[in-house]
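K.L.:
starting from these lines, generate the structure:
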Amino acid sequence: MIASLRGKALFLKPGYVLLETESGIGFEIITPVSAFSEIQQQKDHLFLYTALRIKDDAVNLYGFLKREEIFLFEKLTSVSGVGPKIAISLISALGTQNLINAINEGNLSRIKGIPGIGIKTAQRIILELTGKLKLESDSETFSQVEDDLVSALINLGYQAKLSREIVEAVLNENKDEADFSNLLRKCLKKVAR
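P.N.:
Sure, this is the predicted structure:
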């Protein structure tokens with residue numbers, strides 16, 4: 001499974017990016033349309049959380065800038081009748097927090113207002129996911145700090161998988177800490193053990 005990719009965007013358009021990694025391999029990635037401007041700003045140093053979906057006739061890679069987006073994508077695709085295209089359409093149209101609020105509030109009209117979503121699918125999404133989705137108010141900041149720490153460790157020469165594991169462990173041990181340099185110091189101490 002390809003959990004994340006880092007590289008440079010060679011080509012992008014709303015909903016799509018061709019990402020070339022340092023090793024020279026290019027990946028076609030489907031992204032939320034709503035993330036286009038942010039991806040455009042980060043195109044030279046792009047990091048995406050990814051989900052790989054294999055069907056009989058296609059292999060697709062879906063990419064997200066934030067952990068919350070991929071979490072929501074995975075939850076949505078776990079609902080019967082909701083495939084990756086519908087899930088990414090929902091995330092693109094409503095955004096993560098608005099979609100979670102619509103699901104938790106049972107706002108059927110908001111969800112079925114998205115093209116490709118019928119009333120039965122909207123009802124199923126609400127039924128299966130109400131109360132199971134929650135984002136903390138500081139989760140975007142937390143996610144950005146986490147991404148920055150992982151990036152810093154990778155830039156220092158550590159492997160991506162190890163970097164992610166170390167950062168997650170340090171953040172779990174220091175939930176009240178928000179200072180990047182202190183957290184980076186703690187990551188470096190932990191990786192040195």
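
K.L.:
buried residues, stretch 77-87. List them.
P.N.:
Applying a neighbour-count criterion of 16 or more other Cβ atoms under 10 Å, the buried positions in stretch 77-87 are 77, 79, 82, 84, 86, 87. C-beta: built from backbone N, CA, C; applies to glycine.

K.L.:
show the model's pLDDT score for the closest residue to the fourth one other than its chain neighbours.
P.N.:
Right, residue 84. Spatial nearest neighbour of residue 84, chain neighbours left out: residue 53 (5.0 Å); criterion: Cβ to Cβ, 6 or more residues apart in numbering. Note on residue 53: pLDDT of 93.

K.L.:
backbone phi and psi for residue 53, please?
P.N.:
Here is the backbone geometry of residue 53 (degrees, to the nearest 10): phi -130, psi 130.

K.L.:
other SSEs contacting the helix or strand bottoming out on mean pLDDT in the chain?
P.N.:
Taking mean pLDDT, DSSP states H and E as the measure, the chain has helix 139-155 as its least confident helix or strand, at a mean of 72. The criterion is 3 or more Cβ pairs under 8 Å, 6 or more residues apart in numbering; DSSP states H and E, and the helices and strands that helix 139-155 contacts are strand 46-54, helix 67-77, helix 160-173, helix 180-192.

K.L.:
what's that helix in contact with?
P.N.:
Taking Cβ atoms under 8 Å, 6 or more residues apart in numbering as the criterion, the residues outside helix 139-155 that touch it are 6, 45, 47, 66-68, 136, 160, 162-164, 166-168, 170-171, 178, 180, 183-184, 187-188, 191.

K.L.:
any idea how far residue 75 is from residue 189?
P.N.:
35 Å (Cβ to Cβ, to the nearest Å).

K.L.:
how many other residues sit next to residue 17?
P.N.:
Counted by other Cβ atoms under 10 Å, the residues lying close to residue 17 total 26.
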